[in-house]
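**Q** Everything below, folded, please.
(2 chains)
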Number of protein chains: 2
Amino acid sequence: MMKRIAIDMDDVLADTTLKIIAETNKRLGTAYTKEAISNPEIAKEFYQQYYPLRNFLWEKGFFRDLPVFDDAIDVVKKLQEQYEIFIVSAATEFPNSLAEKLEWLEEHFPFIGWTHTVFCGHKYMIKADYLIDDHEKNLVKFEGKGLLFDAPHNGHLQEYTRVYSWKEVEGLLLPEGTNV
Amino acid sequence: MMKRIAIDMDDVLADTTLKIIAETNKRLGTAYTKEAISNPEIAKEFYQQYYPLRNFLWEKGFFRDLPVFDDAIDVVKKLQEQYEIFIVSAATEFPNSLAEKLEWLEEHFPFIGWTHTVFCGHKYMIKADYLIDDHEKNLVKFEGKGLLFDAPHNGHLQEYTRVYSWKEVEGLLLPEGTNV
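**A** As a prediction, the model looks like this:
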């Protein structure tokens, strides 16, 4: 039986942080960049300013046009040859995001399909061998092997296998399970 | 640790079949009732006529105003005192349904919340002790104890513990696990 990988969407398949920065800059007239907030001091300053504005996450359209991370499509397609892939997104907090996320997946990852798409809150009730996620709250209760997808908000975490790119995920998981 | 129950929405919490019958009657000028289609012959005839029309499931609004089954709210609330409850709905086939289902749950089951709401395709990757569902495809691969919620489309199934009402679910599962 194929092993199963659960893959998060925001900040794992989609560069949600890039859009969060753009929307924040637009509202505040600031000029933060993703490179700049890789510095923990600047990240702290950025997130303090972003947080009171984050209602824009609930607005129609926010999740529809997020950029896809480099190599995500190719690598997920290759992984699907050797694993069962589920997309698992903690999206039920954002009612408008749900249909948009389905459309986004259909546009960029049409080989996944609705049968293997999961929108939820908690993720600890998902049975999988691997979880690729950017949030500690999801990885900490996961019973399989977690891979932490690097993001400005998780730079402080030490306890997980950190991956910086989809090429790195490919190196770890293909051929199946060789290197992790 | 509390045991976990996964509960389906359509034809388990919500009387989806009642609305399917009403929408079909409206389009065909027929007068099917739920009582009538409890007869397998009439059910067969009804579903043959409904099936070519079922695009209405994808229309905006279909899932928003479904009636709630008798006692569902009270019994789920009581179950939540002794179990961890997740609502698990195979809804990703119906993009319009997602936000509507969240609103419906918020209206009738506000004590569940988005953290414990799951919209998916397959359900076999959900870890739970019990699954209450009306579809064999979900129960057959479930590793815990399945309860088949009686519905006109599942009358032929013999292999599962069948429940006819939420009062019966209460009798089986409360006090915790006593009778199942």
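
**Q** Quick one, grab the pLDDT at the residue lying farthest from the centre of chain A.
**A** Computed with C-alpha atoms, centre = their mean, the residue of chain A farthest from its C-alpha average is A:Gly29, at 26.7 Å. Looking at A:Gly29, its pLDDT stands at 98.

**Q** give me phi/psi at it?
**A** phi 70, psi 20 (degrees, to the nearest 10).

**Q** cool, A:Asp133 as well?
**A** According to degrees, to the nearest 10, A:Asp133 has phi -150, psi 160.

**Q** before we move on, what about A:Ala43?
**A** phi -60, psi -40.

**Q** Helices of chain A, start to end?
**A** For chain A, helices defined by DSSP state H occupy the ranges A:16-28, A:40-50, A:72-82, A:97-108, A:136-139, A:166-173.

**Q** Contacts for the shortest one next, please.
**A** Judged by C-beta atoms under 8 Å, 6 or more residues apart in numbering or on different chains, the contacts made with helix A:136-139 from elsewhere in the structure are A:Asp8, A:Ala90, A:Lys123, A:Tyr124, A:Leu131, A:Asp133, A:Gly146, A:Leu148, A:Asn154, A:Leu157, A:Tyr160. (C-beta placed from N, C-alpha, C; glycine too.)

**Q** Skipping adjacent residues, who's closest to A:Tyr83 in space?
**A** A:Ile5 (4.8 Å; C-beta to C-beta, 6 or more residues apart in numbering or on different chains).

**Q** should've said A:Pro175
**A** A:Gln82 (7.1 Å).

**Q** and that neighbour, how many neighbours does it have?
**A** As a burial measure, A:Gln82 scores 15 neighbours (other C-beta atoms under 10 Å in any protein chain shown).

**Q** Touching, it and A:Asp129? I think so.
**A** No. Contact criterion C-beta atoms under 8 Å: A:Gln82 and A:Asp129 do not qualify, at 11.6 Å.

**Q** if we can go back for a sec, who's the residue nearest to A:Tyr83 bridged to?
**A** For A:Ile5, the beta-bridge partners are A:Ile85, A:Tyr130 (DSSP bridges).

**Q** Quick one: residues contacting it.
**A** A:Leu79, A:Tyr83, A:Glu84, A:Ile85, A:Phe86, A:Ala128, A:Asp129, A:Tyr130, A:Leu131, A:Ile132, A:Leu173.

**Q** Quick check: pLDDT value at the nearest residue to A:Asp133 once chain neighbours are set aside.
**A** Among residues not flanking A:Asp133 along the chain, A:Asp8 sits closest, at 4.3 Å (C-beta to C-beta, 6+ apart). A:Asp8 is assigned 98 on the pLDDT scale.

**Q** Fine by me, thanks again.
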